[in-house]
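Engineer: Fold the following, please.
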Amino acid sequence: MSVNADLQRERAAATLDSEDFARWWAGGAWQLEERRSLERRFFEDPAFADTVHPSCLSYKERYEQTVARTTRFLAKLRQWQREKQPQLQLSVNMLRDFRLLLSGSLGTGLFQQSFPLRMHFTMFMTTILSQGTAEQQAQWLNRAWHMDGVLGTYAQTELGHGTFLRGLETRADYDALTQEFILNTPTQSSYKWWPGGLGNTANMAIVLAQLYVKGKHYGLQSFVVRIRDERTHEPLTGVDVGDIGPRLGGNGVNNGFLGLHDVRIPRNQMLMKNAQVLADGTFVQGRPPLLLYGTMVYVRVITLKDVLFGLLQGATIATRYSVVRRQSRINSDEPEVSILDHVTQQAKILPQIARGVSYRLVADWLWRFYAEVLRQLEDESMAGRNSLPELHALSCCLKAVATDEASEGVDLLRKSCGGHGFLSSANFDSIYGLATAAYTYEGEYTVLLLQTARFLVGQYVDSLKRKVLPTSVSYLRDTARLVWGKNLAANCARALEISALEQVRQAWQTQKMHQSSKVSAEMASNLAGRQLTSAAIAHAHAFFTRNALQQLEALRKKDDLSPNVSLVLGQLVELFVIDTFLRQSGCVLRWNNGITGTQLRFVERRFEELLAKLRPNAVALVDGFDFHDRVLGSTLGCHDGRVYERLMEEARRNPVNQEPVNSSFHNHLLPMMRGKL
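Structural biologist: Numbers count the residues shown, from 1 in each chain. From the prediction side, this is the model:
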């Protein structure tokens, strides 16, 4: 099949070898070929082809098609796993890799509206692994992995409460006579609402509920609850369960609601690694209660990889389309040019590529930090307990800011494709739906920022007391003014740190001012909410830019990068830092009075220089992300660049076009035109 001539010229003229970049991006040559081999195994199988575009299916049809495809997919994937790893060891790392497989290229290529059992393999199994005793893991994990009568989900959010976990209303009352917990959702607002797979797919759920023993409250605990019969799949007595309906995106997930009315479960179905209820009702708190929320921290950490994946999908589609699409002349005596030759188009697309790559560097670091804290906690080390607040604060603000900017970036990329980007066949609707869903799930944006802000204010107070600060907030002690040097990226990162420091200071001062007027500490925090969220956002930007520069330097020291990949990575990270600085320039200039107009113009000029340097390698870069056409799912972004042919092919495939005259003409339009209405 022919390739668009403009795309061919772009690839031939690039100085970056896209295969070289793809090997680095995949983690090595072996990993790249392994992933491609697995993709071929599925994408070339006609059993996984779509007869019509998914957007043409009803909500019910899409769910049923997705479940059918899921069973075929898992059977084929298990066969591949048995060939590759016959002695598979279940662990948090393994489940992380499996989740990334499902939310990455393979899962996305087969399930554009998300994989319906993702919650089973991630939050359900991860929670049992991290919060279950050895006996409970032996009882449930192997069955869950092999789906031997166990299809699980994670039921935390309620109709009336989400991120504010202490407000959850679901109750679990312990009955010492029968050694059972009795679970109830006592009000309509206490119904579980949103868990993926809960509606019609899952037959078990990890339910977060307020524990009561003899009328005394012991806080939130996790319970393993069967909700559907293992053989018939009928809801069990006392269980009210169903699907919540279509969403903006992710409509393959089967999100559901769950009501529990005097549902009894055995005592050993409370997950008891961190806290226990003994047979006589004695409550024993073992490890810190904060570990109950470990599953959410885990998901927030890996959400960073999810959103950068979607952002780079969108960037790949927009880049290829922007080469193929010709519009407007730059020189009046020459033909129309590829719209990517317009600097305004480059300014929309290239910073999103830079953001996605920089997020990847930070996401890899964040996972290593999470894994180390988890290891320390398993060893019951004080270092782990000491690092947990820092990990929690980072996972909150980085997840919040990344999901906000990624969803904003995907929509900008859609707009950069003009009217064609609005078509479902362009696939921006699916990509945007998943990106923007992450803005609220596992912690709503503003609430997460406020949680980070509490940590930042506490650390700022510690800095005034000359205490040792965690690495991520060490800049709070550095009150030196910005010294503008030759390294613009370093200048920008430092200016963002100073801006964050000053906004944390202002938030602390605002809280103190309100407290001095005799309001409660909680009300003072409410009144200082704008300053607190601004401080957390500023901290996220400061950390993203500083950490991306540090991770780039660490990569270069390993000497694993080819010169061209190293050069382009440097340009991308610098563009990300400078773009972040310019996007936050209002806050930066407010708190860095020493930055002159001349210095700001240097930054803007360097921004445009980087666009010009990256422009020749734009297609090679997105080729290097190595998205299969099935993964992009887009008429605009395919590797061959046959945009207009694919748009027309998809239009002709539309079920509405399969008959020359639709029945609505005879049933409705013709009577109307004959005056019979």
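Engineer: Give me the contact list for the helix or strand bottoming out on mean pLDDT in the chain.
Structural biologist: The helix or strand of the chain with the lowest confidence, counting by mean pLDDT, DSSP states H and E, is helix 92-103 at a mean of 74. Helix 92-103 has contacts (Cβ atoms under 8 Å, 6 or more residues apart in numbering) with 88, 107, 111, 114-115, 117-118, 121-122, 125-126, 129-130, 298, 302, 305-306, 309, 367, 371, 374. Yep, even glycine has a C-beta here, placed from its N, CA and C like the rest.
Engineer: chain center to it: distance?
Structural biologist: Distance, stretch centre to chain centre, for helix 92-103: 13 Å (Cα atoms, centre = their mean, to the nearest Å).
Engineer: Now do the next helix or strand after it: which elements does it pack against?
Structural biologist: Using DSSP states H and E, the helix or strand that follows helix 92-103 in sequence is helix 105-110. With contacts defined as 3 or more Cβ pairs under 8 Å, 6 or more residues apart in numbering; DSSP states H and E, the packing partners of helix 105-110 are helix 29-43, helix 629-632.
Engineer: Go through the helix or strand harbouring residue 242 and flag the buried ones.
Structural biologist: Residue 242 is part of strand 239-243 when elements are defined by DSSP H and E. Within strand 239-243, the residues scored as buried using 16 or more other Cβ atoms under 10 Å are 239, 241, 243.
Engineer: what ranges of this protein fall below the confidence cut-off?
Structural biologist: In the prediction, the chain carries residues with pLDDT under 70 at positions 1, 86-88, 103, 287-294, 384, 677.
Engineer: How is it divided into domains?
Structural biologist: Domains of the chain are assigned by automatic domain parsing as 133-291, 453-468+487-624.
Engineer: In a strand, residue 211, correct?
Structural biologist: Yes. Residue 211 sits within a strand when classified using DSSP: H, G, I helix; E, B strand; the rest coil.
Engineer: In contact with it: list those residues for me.
Structural biologist: Contacts for residue 211 (Cβ under 8 Å, 6+ apart) come out as 172, 174, 217, 218, 219, 220, 221, 270, 277, 283.
Engineer: Which ones among the contacts of helix 92-103 map onto strands?
Structural biologist: Among the contacts of helix 92-103, no member falls in strands (DSSP state E).
Engineer: hang on, the earlier thing: nearest to residue 13 among the contacts of residue 211?
Structural biologist: Using Cβ to Cβ, residue 220 is the member of the contacts of residue 211 that lies nearest residue 13, at 58.3 Å.
Engineer: If we ignore the residues flanking it in sequence, what's nearest that closest one?
Structural biologist: The shortest distance from residue 220 to any residue that is not its chain neighbour, by Cβ to Cβ, 6 or more residues apart in numbering, is 5.5 Å, and that residue is residue 208.
Engineer: how many neighbours does that neighbour have?
Structural biologist: The number of residues packed near residue 208 is 23, by other Cβ atoms under 10 Å.
Engineer: Who does it form a beta bridge with?
Structural biologist: Residue 208 has the following beta-bridge partners by DSSP bridges: residue 222.
Engineer: before we move on, the earlier item: any residues touching the strand holding residue 242, and which ones?
Structural biologist: By Cβ under 8 Å, 6+ apart, the list of residues contacting strand 239-243 from outside reads 63, 191, 198-200, 227-228, 235, 254-261, 263.
Engineer: Okay, now the sheet partners of that strand, with direction.
Structural biologist: Using DSSP bridges, strand 239-243 pairs in its sheet with strand 256-260 (antiparallel).
Engineer: Count the neighbours of residue 566 for me.
Structural biologist: Using other Cβ under 10 Å as the criterion, residue 566 is surrounded by 16 other residues.
Engineer: How about the helix or strand harbouring it, which residues are buried there?
Structural biologist: Mapping residue 566 onto the secondary structure by DSSP H and E places it in helix 563-583. Of the residues in helix 563-583, those buried under the neighbour-count criterion (16+ other Cβ under 10 Å) are 564-566, 568-581.
Engineer: What is that helix packed up against?
Structural biologist: Identification of packing neighbours for helix 563-583 by 3+ Cβ pairs under 8 Å, 6+ apart yields helix 18-26, helix 343-378, helix 488-516, helix 529-558, helix 597-614.
Engineer: Swap in 10 Å and give it another go.
Structural biologist: In this structure, helix 563-583 packs against helix 18-26, helix 343-378, helix 488-516, helix 529-558, helix 585-591, helix 597-614, helix 618-624, with contacts taken as 3 or more Cβ pairs under 10 Å, 6 or more residues apart in numbering; DSSP states H and E.
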